[in-house]
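**Q** turn this into a model:
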Amino acid sequence: MKMSIRLGRIAGIEIGIHYSWILAFVIIAWSLAQGFFPQSYPGWSTVTYWITGILAALLLFVSVLIHELAHSLVARARGLPVRSITLFILGGVSNLEEEPEKPAIEFAMAIVGPLTSLILAGIFWGITFLISNQESPVAAMLSYLALINAILGAFNLLPGFPLDGGRVLRSILWSSTGSLTKATNIAATVGRFLGWGLIAFGLFQLLTGNFLGGLWIAFIGWFLSNAADTSRREATLREHLSGFKVRDVMYTAPEVVSPEASVEDVVWDIFRQRHRRAVPICQDGNPVGIVTITDVKELSQEKWAQTPVKEIMTRAPLYSVTPEDDLNTALKLIAQHDLNQVLVLSQGKCVGLLSRADIIRHLQFSQELGVKSRQESK
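**A** Have a look, this model is predicted:
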């Protein structure tokens, strides 16, 4: 997730917080200090309410982090690389580099999160009973953490994708139907209905005077509905790209220039005349960089003729795929690093370019004609 602050690593997994987390922390700490604790435990000082509210909000997000760590550690134990964990306004997300390949793996990854939250609820609840003064700030904070973790565990078990329960449902449907796309569509549809239900309930709460709570519930419903719809569209996209290789879509006659070529020549002879937006830069047949229209924008036109492309080219990282890579793999690389194109290399030599535009044209073509890959059509 972009716009995040890196906190460090746990078990080799990078931990970060999205800027929206700060807003969530402030809202939760304020609501606890000014609402929940004063109503449930009257008689404390204002300072005590605020200290307890802030600590409870921090420990809530620690609980969410433990929840996400459970997902990530199970994923890594099943052979899936985990890039990072990011905490944001609605909780947390484990950023996996690839999706599970089997229903059983997804089931294990999904179910462990809610179970972890429920176990945390039991632990906090158990510690609460060891405290003699049940009206003390420590007992109050532990009771709150027990309650909120139980709610988080139960809520995440709801069968709406992309909640953990929705992923559990998808894994079961995937196992029974044999189709990840069909399973995703069904689970995402349930997620959208659940999201709409939360929006309706939130609006009802607003009308009955619970402004902050109703707004929060409606926002969660809106987020869930949109996330479910996005997941459904991504599944459809993966289905349309399935079976196609990079070689089926890539631009196979890329213009290659030397590092000494002028920016002016590249602009007029390649970008303008041949309608390309990027060109590989090669030395002795090996790619050493890539120049794009974005790179040229940083240089005034008066300097084009005197400036060799080596001075403005992107040297590293040079992202690349091979002609035999799956098109879904290439698209994931492009999306993950927010690229417009990647080099296509074979035995270290540049044999093509693959751009977002190439993939879009392929999708339009395949959808319009209902085209399947050559392997599927045989």
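**Q** ok so Leu87 is a strand residue?
**A** Yes: counting by DSSP: H, G, I helix; E, B strand; the rest coil, Leu87 is part of a strand.
**Q** Ser117 is in contact with Asp164, correct?
**A** No: with contact defined as C-beta atoms under 8 Å, Asp164 does not count as touching Ser117 (9.2 Å). Heads up, the C-betas are built off the backbone N, CA and C, glycines and all.
**Q** what is in contact with these two at once?
**A** Asn156 (C-beta atoms under 8 Å, 6 or more residues apart in numbering).
**Q** so where's this structure uncertain?
**A** By pLDDT under 70, the low-scoring segments of the chain are 1-3, 253-254, 370-378.
**Q** could you pull out the helices in the stretch 51-200 of the chain for me?
**A** For the stretch 51-200 of the chain, the helices defined by DSSP state H, counting those that start in this stretch occupy 103-128, 137-156, 164-177, 180-207.
**Q** ignore what I typed, I meant the stretch 251-378 of the chain.
**A** Under DSSP H, counting those that start in this stretch, the stretch 251-378 of the chain gives helices at 263-266, 293-297, 327-336, 356-369, 374-377.
**Q** would you indicate which residues of the fourth one are buried?
**A** Buried positions in helix 356-369, judged by neighbour count with 16 or more other C-beta atoms under 10 Å: Asp358, Ile359, His362, Leu363, Ser366.
**Q** other residues contacting stretch 287-303?
**A** Residues contacting stretch 287-303 (C-beta under 8 Å, 6+ apart): 257, 259, 263, 266-267, 271, 277-282, 304, 307, 309-310, 312-315, 318, 320, 340-341, 343, 345, 349-350.
**Q** in strands, which of those appear?
**A** Judged by DSSP state E, the subset of those located in strands is Ala278, Val279, Pro280, Ile281, Cys282, Ser320, Gln341, Leu343, Leu345, Lys349, Cys350.
**Q** how about those residues in JSON lines, adding distance to Asn156 and neighbour count?
**A** Below are the ones in strands among the contacts of stretch 287-303 laid out as JSON lines (distance: C-beta to C-beta, whole Å; neighbours: other C-beta atoms under 10 Å):
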{"residue": "Ala278", "distance to Asn156": "43", "neighbour count": "24"}
{"residue": "Val279", "distance to Asn156": "48", "neighbour count": "24"}
{"residue": "Pro280", "distance to Asn156": "46", "neighbour count": "25"}
{"residue": "Ile281", "distance to Asn156": "49", "neighbour count": "25"}
{"residue": "Cys282", "distance to Asn156": "51", "neighbour count": "18"}
{"residue": "Ser320", "distance to Asn156": "38", "neighbour count": "20"}
{"residue": "Gln341", "distance to Asn156": "38", "neighbour count": "23"}
{"residue": "Leu343", "distance to Asn156": "41", "neighbour count": "20"}
{"residue": "Leu345", "distance to Asn156": "42", "neighbour count": "18"}
{"residue": "Lys349", "distance to Asn156": "49", "neighbour count": "12"}
{"residue": "Cys350", "distance to Asn156": "46", "neighbour count": "20"}
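**Q** in JSON lines, list these along with distance to Arg232.
**A** Output for the ones in strands among the contacts of stretch 287-303, formatted as JSON lines (distance: C-beta to C-beta, whole Å):
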{"residue": "Ala278", "distance to Arg232": "32"}
{"residue": "Val279", "distance to Arg232": "37"}
{"residue": "Pro280", "distance to Arg232": "36"}
{"residue": "Ile281", "distance to Arg232": "40"}
{"residue": "Cys282", "distance to Arg232": "42"}
{"residue": "Ser320", "distance to Arg232": "31"}
{"residue": "Gln341", "distance to Arg232": "27"}
{"residue": "Leu343", "distance to Arg232": "32"}
{"residue": "Leu345", "distance to Arg232": "34"}
{"residue": "Lys349", "distance to Arg232": "40"}
{"residue": "Cys350", "distance to Arg232": "36"}
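**Q** do you know how far Lys332 is from Arg170?
**A** 19 Å (C-beta to C-beta, to the nearest Å).
**Q** more crowded one of those two?
**A** Using other C-beta atoms under 10 Å, the more surrounded residue of Lys332 and Arg170 is Arg170, with 29 against 15.
**Q** quick one: contacts for the more buried one?
**A** Contacts of Arg170 by C-beta under 8 Å, 6+ apart are Glu106, Phe161, Leu180, Ala183, Thr184, Ile186, Ala187.
**Q** how close does it sit to Asn156?
**A** 14 Å.
**Q** returning to what we had before: between the contacts of Arg170, which sits nearest Pro100?
**A** Taking C-beta to C-beta as the measure, Pro100 lies nearest Glu106 of the contacts of Arg170, at 4.3 Å.
**Q** which phi and psi values does Ser132 adopt?
**A** Phi and psi for Ser132, reported as degrees, to the nearest 10, are phi -70, psi -40.
**Q** sorry, back to before: how about JSON lines for the buried residues of helix 356-369, with distance to Ala70 added?
**A** Shown next, in JSON lines, are those (distance: C-beta to C-beta, whole Å):
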{"residue": "Asp358", "distance to Ala70": "40"}
{"residue": "Ile359", "distance to Ala70": "35"}
{"residue": "His362", "distance to Ala70": "39"}
{"residue": "Leu363", "distance to Ala70": "36"}
{"residue": "Ser366", "distance to Ala70": "39"}
